[in-house]
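>>> The following comprises the amino acid sequence and a computationally predicted model.
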Amino acid sequence: MQKRLQDYIPSASESKVLKLLEHDNLVVKIKKERKTRHGDYRKLPNNKHQITINASLNKYRFLITLIHEIAHFEAYKKHGKFIKPHGLEWKRCFQHLMLSFLNPDIFPADILPLLARHFKNPKASSDTDVILSRALKQFDEPNNKTYVVEIPFGTKFKMYNGKIFKKGNKRVKRYECIEIKTGKLYLFNPNAEVEII
């Protein structure tokens, strides 16, 4: 049985989302999980616009990602193609679109204050907001993974690409981690999902 877009979002958000998608030249595709992004927006050569979203996202993260990508479409329509992808025009569109979704019928009450704080100045990815990202993770399917910030100093972990690292010191916002095989130093976002080994 094929799932519909409505199967991926909170039921109370359905009518608002469908209204936002009432464009003949806007297509939404649901994709298998991509490790490097939750969603994507692009203008196609045939002048249609396409949004892709990962099917693996929980319904709250899916909704936030979908509105994020619709904001790219709206910013493009209003301001043209020469704006910065996550510049002021996009931020304003994203804030405006999300406003009507920030209510307890759609999001759990404990997530709403975190969303309100995040949307004062939305970032290119909600994953860079460590507090919001960790709060949203509680709604994910169990996946045997944890965040870098949660593992002890010196712990070895594996990334989705199979590389093995050892957690080091925290810099200002990121953690220094050494790749075991090469000895190279990498900086990890605190909420990068990893598998402890």
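Thanks, I have it. In this text the structure is predicted, and so the values were computed from the model without any measurement.

>>> For the closest residue to residue 13 other than its chain neighbours, give me its contacts.
Setting aside the residues directly before and after it, residue 13 is nearest to residue 106 in space (C-beta to C-beta, 6 or more residues apart in numbering), at 4.9 Å. Yep, even glycine has a C-beta here, placed from its N, CA and C like the rest. Counting by C-beta atoms under 8 Å, 6 or more residues apart in numbering, residue 106 makes contact with 10, 12, 13, 63.

>>> Of the residues you listed, which is the nearest to residue 28?
Within the set of these, residue 63 lies nearest residue 28; the separation is 12.3 Å, counting by C-beta to C-beta.

>>> show me what contacts that closest one?
9, 10, 13, 17, 101, 106.

>>> Repeat the analysis, applying 6 Å as the threshold.
When contacts are counted by C-beta atoms under 6 Å, 6 or more residues apart in numbering, residue 63 touches 9, 13.

>>> just so I have it, where are all the strands in this protein?
Here the chain has its strands, by DSSP state E, at 26-31, 39-43, 49-54, 146-147, 156-158, 164-170, 175-179, 185-188, 193-196.

>>> re the thing from before, mind checking which of the contacts of residue 106 are buried?
Listed as buried from these are 10, 13, 63; burial here means 16 or more other C-beta atoms under 10 Å.

>>> coming back round to it: pull the most distant pair out of the contacts of residue 106.
Taking C-beta to C-beta, no two of these sit farther apart than 12 and 63, at 10.2 Å.

>>> Inside helices: which ones of the contacts of residue 106?
residue 63 (DSSP state H).

>>> mind putting the contacts of residue 106 in TSV, pLDDT included?
TSV is the format used below for these (pLDDT from 0 to 100):
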residue	pLDDT
10	97
12	97
13	97
63	97
